[in-house]
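Visitor: 3D, please:
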Amino acid sequence: MSIETIEHDFKHKAREQLRLAAEGVDRYRVFTPFLLPDGDHLSIVLKKADHDRWVPGNGKLRFIEVKGRVAGAGTVTVTKNEILV
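Guide: Numbering: from 1, shown residues only. Next comes the predicted model:
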């Protein structure tokens with residue numbers, strides 16, 4: 001399987017499963033299909049920065065290091081130790 005095929009499949013599957021929920025004026029939570037080992041879904045808060053720009057964040061930053069562990073794997077597993085709060 002080529003990298004182009006993997007990238008295409010990933011984008012297609014991820015887009016299909018994204019969900020948004022309003023959390024106030026100009027603020028949304030984006031629910032992703034990515035499941036953390038503890039069962040929680042990875043979600044992202046988007047806030048409107050100005051008239052045409054959205055920025056992620058809710059006052060706290062989280063950095064996630066994603067490692068490719070298995071070539072061609074259908075999922076990526078992220079441990080709590082790999083999430084810096």
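Visitor: Lowest average confidence across helices and strands of the chain, where is it?
Guide: strand 83-84 (a mean of 56; mean pLDDT, DSSP states H and E).
Visitor: beta partners for L20?
Guide: Per DSSP bridges, the residues bridged to L20 are V30.
Visitor: Surely it touches V30?
Guide: Yes. Counting by Cβ atoms under 8 Å, L20 touches V30, with 5.6 Å between them. For the C-beta atoms, the positions are set from N, CA and C on the backbone; glycine is no exception.
Visitor: all strands for this structure, in order.
Guide: Secondary structure of the chain, counting by DSSP state E: strands at 19-22, 27-35, 41-50, 53-56, 63-64, 83-84.
Visitor: which one of the ones you listed lies closest to M1?
Guide: strand 27-35 (19.8 Å; Cβ to Cβ).
Visitor: The closest one versus strand 41-50: what angle between them?
Guide: Orientation of strand 27-35 against strand 41-50 (axes from the mean of the first three to the mean of the last three Cα atoms, to 10 degrees) gives an angle of 150 degrees.
Visitor: Could you give me the buried positions within strand 27-35?
Guide: By 16 or more other Cβ atoms under 10 Å, the buried positions in strand 27-35 come out as 28, 34.
Visitor: Report the distance from it to the chain centre.
Guide: When distances are taken as Cα atoms, centre = their mean, to the nearest Å, strand 27-35 is centred 6 Å away from the chain's centroid.
Visitor: Run through who's touching it.
Guide: For strand 27-35, contacts defined as Cβ atoms under 8 Å, 6 or more residues apart in numbering pick out 13-14, 17-23, 41-48, 75-76, 78.
Visitor: ok, P56 touching K48?
Guide: No. Look at P56 against K48 with Cβ under 8 Å: they stay out of range, at 11.6 Å.
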